[in-house]
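K.L.:
Sequence and computational prediction follow.
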Amino acid sequence: MKTIGLVGGMSWQSTAEYYRIINETVAARLGGLHSAKIVMVSVDFAEIEPLQHQAGWDELAGRVAAAARSVERAGADFLVLCTNTMHKVADEIEKDIRIPLLHIADAAAERIKALELRKVGLLGTKFTMEDDFYRSRLAGKHGLDVVIPPPPDRELVHRVIFEELCLGKTEAVSRRHYIRIMGHLISQGAEGIVLGCTEIGLLVGCEDAPAPVFDTTRIHAAAAAEFALES
């Protein structure tokens with residue numbers, strides 16, 4: 001079994017889900033008392049979030065790369081960033097380490113393509129929805145057509161992530177808004193919905209949309225476990 005290197009804490013709410021899902025997947029595959037081999041560095045999100053909103057991506061790349069080097073030195077065989085947004089600096093991090101990075105968008109795209117879908121709606125932070133790093137990977141590398149909500153709904157999705165979900169709050173009114181937004185994307189031709197923030201799966205899931213819902217936390221964590229178990 002390979003040792004998984006996790007860089008988490010962005011936020012810890014979803015990082016806890018990564019740990020649980022990875023270990024559940026390994027236990028289901030191997031049985032008995034088996035669990036995953038994991039090394040993890042968990043950052044203080046209060047130091048990360050302001051830099052995101054100040055566009056301090058160079059500083060963030062350096063900080064996350066330092067965490068990645070730490071898990072590499074601790075014996076990790078590959079790297080998992082427990083966040084969608086910070087994949088904005090994934091290319092810079094990959095240049096700084098010798099172990100492979102298991103990209104969250106690639107893991108999601110493989111699930112989408114397995115269902116032979118071509119057009120998906122994307123929810124996430126404004127950075128993930130509006131910047132090019134995530135949509136262009138889904139489109140350019142995997143041939144997917146990606147649509148995002150209109151600006152007012154993007155603001156709402158973003159606000160709920162940072163002001164509620166990252167603090168462990170799940171509000172019924174926010175869930176209703178997310179369901180409405182997913183329904184709108186489907187009415188615009190989306191054949192599935194990508195929950196492109198690792199906290200969104202804490203609020204909504206497959207039962208909340210009349211089309212497949214791709215929870216990137218669950219998909220990425222399961223992919224990490226499967227990769228660790230490959231011979």
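P.N.:
The structure has been received and is ready for your questions.
K.L.:
Mind checking what helix or strand follows whichever strand or helix holds residue 61 in sequence?
P.N.:
Assignment of secondary structure by DSSP states H and E places residue 61 within helix 57-73. Per DSSP H and E, the first helix or strand lying C-terminal to helix 57-73 is strand 78-81.
K.L.:
on contacts alone, who are the packing partners of that following strand?
P.N.:
When contacts are defined as 3 or more CB pairs under 8 Å, 6 or more residues apart in numbering; DSSP states H and E, strand 78-81 sits against strand 4-8, helix 57-73, helix 90-96, helix 216-229. Every residue, glycine included, has its C-beta placed from N, CA and C.
K.L.:
All the strands of this protein, residue numbers only.
P.N.:
For the chain, the strands defined by DSSP state E cover 4-8, 38-42, 78-81, 119-123, 145-147, 192-195, 213-215.
K.L.:
Check which strands are paired with the last one and give the direction for each one.
P.N.:
Sheet pairing of strand 213-215 (DSSP bridges) gives strand 192-195 (parallel).
K.L.:
Quick one: residues in contact with the partner strand.
P.N.:
With CB atoms under 8 Å, 6 or more residues apart in numbering as the contact definition, strand 192-195 has outside contacts at 108, 112, 115, 117, 120-124, 138, 146, 182, 185-186, 201, 204, 209, 211-217.
K.L.:
List phi and psi for the spatially most central residue of the chain.
P.N.:
Note on the chain: the residue nearest the mean C-alpha position is residue 84, at 3.7 Å, using CA atoms, centre = their mean. Main-chain dihedrals, residue 84, degrees, to the nearest 10: phi -80, psi -50.
K.L.:
Output the longest helix belonging to the protein.
P.N.:
Using DSSP state H, we find that the single longest helix of the chain is helix 12-30.
K.L.:
Can I get that one in PDB, CA atoms only?
P.N.:
What follows is helix 12-30 as a C-alpha-only set of coordinates in PDB (Å, rounded to 0.1, in the frame of the first residue of the first chain):
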ATOM      1  CA  TRP A  12     -10.700  21.200   8.300                       C
ATOM      2  CA  GLN A  13     -14.400  20.400   7.900                       C
ATOM      3  CA  SER A  14     -13.800  18.800   4.500                       C
ATOM      4  CA  THR A  15     -10.400  17.400   5.400                       C
ATOM      5  CA  ALA A  16     -12.100  15.300   8.100                       C
ATOM      6  CA  GLU A  17     -14.300  13.900   5.300                       C
ATOM      7  CA  TYR A  18     -11.200  13.000   3.300                       C
ATOM      8  CA  TYR A  19      -9.700  11.100   6.200                       C
ATOM      9  CA  ARG A  20     -13.000   9.200   6.800                       C
ATOM     10  CA  ILE A  21     -13.700   8.400   3.200                       C
ATOM     11  CA  ILE A  22     -10.100   7.200   2.500                       C
ATOM     12  CA  ASN A  23     -10.100   4.900   5.400                       C
ATOM     13  CA  GLU A  24     -13.600   3.600   4.700                       C
ATOM     14  CA  THR A  25     -12.600   2.800   1.100                       C
ATOM     15  CA  VAL A  26      -9.400   1.000   2.200                       C
ATOM     16  CA  ALA A  27     -11.300  -1.000   4.900                       C
ATOM     17  CA  ALA A  28     -14.000  -2.000   2.400                       C
ATOM     18  CA  ARG A  29     -11.300  -3.200  -0.100                       C
ATOM     19  CA  LEU A  30      -9.100  -5.000   2.400                       C
END
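K.L.:
All set, thanks.
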